[in-house]
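> Sequence and predicted structure, then a few things I'm wondering about:
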Amino acid sequence: MTDATAGHPAPPRIEVHVDAADLATAVAGELISRIEDAQARGEEPQIGLTGGTIAEHVHRELARMAPDSEVDWSRVVVWWGDERYVAAASPERNAGQALAAFGDRLPLDPSKVHQVPSTDDAASVTEAADRYAADLRAHAAGSFEVLMLGVGPDGHVASLFPGSAQLDVDDRVTVAVTDSPKPPPERVSLTFAALNRSRSVWFLVSGEQKASAVARALAVGADLHDVPAAGVTGELETIWFLDRESAAQL
Ligand SMILES: O=C(O)[C@H](O)[C@@H](O)[C@H](O)[C@H](O)COP(=O)(O)O
């Protein structure tokens, strides 16, 4: 947790799990615990979800564990750190993947599930970014309780990629991306300003192809322009949930 005396975030905590399945179970269990604690404090926690492969495992574990939890899912507010600018029904949508995995086992309040506008709703990726920013301004009360982020082999998080101009946008909470090196090309991403408004930031990273990015992001003096994951830090804590393969170069 934070060093309350100095008011500075604690150094990143690193958890190494045996494999992706074990990692996903640990993340899902910890997330449920954090939500239960927040609700016990009378809060309505805001959770930032991410896309990607390990995130899918986490979503499935959440669905498995949710019915046995104490969580009132109708009092959880859901956002996404990034989204692909495609049709709402596209299998490429991060929100669609998550909600399909949750099924009816996480009875969320649809009015508290804040999806990024799709090509069905917004005429351009810029309009989608602007509308998501307006939604955040209107409904994001305070910081995310937990923001989860996958990490690409190049060290990208959300849709903030190495060397991109969006890395230096500090006067907005969302940006439009039109040239994502990871398909599809058009996306909406939270900016670092928005990503860092998180009490806890959790990086979810599995697989040997991520080992270099993990080591580079955690290196002293890491430059967010080279490895964007280095640009995100929790207000209270930052946890790297790794497996043995992604931790191999630490
Ligand atoms: O929309 C996206 O693609 C994700 O938000 C992206 O940031 C993802 O989390 C990483 O690319 C890791 O993805 P994998 O876990 O599939 O490698």
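It's in.
> show me where the chain has helices.
For the chain, applying DSSP state H gives helices covering 20-40, 53-65, 94-102, 125-139, 192-195, 211-218.
> Wait, Arg60 touches Ala101, no?
Yes - if you go by C-beta atoms under 8 Å, Arg60 and Ala101 touch, sitting 5.1 Å apart. Heads up, the C-betas are built off the backbone N, CA and C, glycines and all.
> what's the distance between the closest residue to Asp226 other than its chain neighbours and the ligand?
For Asp226, ignoring the flanking residues on the chain, the nearest one in space by C-beta to C-beta, 6 or more residues apart in numbering is Pro162 at 5.8 Å. Separation of Pro162 from the ligand (C-beta to the nearest ligand atom, to the nearest Å): 12 Å.
> residues in contact with the nearest residue to Glu145 once chain neighbours are set aside?
Sequence neighbours aside, Pro45 is the residue nearest to Glu145 in space, at 3.8 Å (criterion: C-beta to C-beta, 6+ apart). The contact partners of Pro45, taken as C-beta atoms under 8 Å, 6 or more residues apart in numbering, are Arg34, Ile35, Ala38, Gln39, Val76, Val77, Glu145, Val146.
> For the chain, list the residues in contact with the ligand, please.
Contact residues, the chain versus the ligand (C-beta under 6 Å from any ligand atom): 50-54, 82, 84, 94, 150-152, 156-159, 182.
> again, only this time at 5 Å
Thr50, Gly51, Gly52, Thr53, Ile54, Asp82, Gly150, Gly152 (C-beta under 5 Å from any ligand atom).
> These in strands, which ones?
Among those, DSSP state E puts Asp82, Gly150 in strands.
> can you list the residues of the chain next to the ligand in CSV and add pLDDT?
Formatted as CSV, the residues of the chain next to the ligand follow (pLDDT from 0 to 100):
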residue, pLDDT
Thr50, 98
Gly51, 97
Gly52, 97
Thr53, 98
Ile54, 98
Asp82, 98
Gly150, 98
Gly152, 98
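> from the residues of the chain next to the ligand, which would you call buried?
Thr50, Gly51, Gly52, Ile54, Asp82, Gly150, Gly152 (16 or more other C-beta atoms under 10 Å).
> Show me what Leu204 is bridged to.
Legend: beta-bridge partners of Leu204 under DSSP bridges are Gly150, Phe241.
> on that earlier part again, next, give me the two most distant ones among the buried ones among the residues of the chain next to the ligand.
Ile54 and Asp82 (15.0 Å; C-beta to C-beta).
> where does this protein have low pLDDT?
For the chain, the stretches with pLDDT under 70 are 1-9.
> 50 instead?
1-5 (pLDDT under 50).
> Which one, of the helices of the chain, ends up nearest to Thr238?
Taking C-beta to C-beta, helix 211-218 is the member of the helices of the chain nearest to Thr238, at 10.1 Å.
> Need the CA coordinates for the closest one. CSV is fine.
Taking Å, rounded to 0.1, in the frame of the first residue of the first chain, the C-alpha atoms of helix 211-218 are listed here in CSV:
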residue,chain,number,x,y,z
ALA,A,211,8.9,-11.0,-20.6
SER,A,212,11.0,-8.3,-22.2
ALA,A,213,8.2,-5.7,-21.9
VAL,A,214,7.8,-6.5,-18.2
ALA,A,215,11.5,-6.1,-17.6
ARG,A,216,11.7,-2.9,-19.6
ALA,A,217,8.6,-1.4,-17.8
LEU,A,218,10.0,-2.2,-14.4
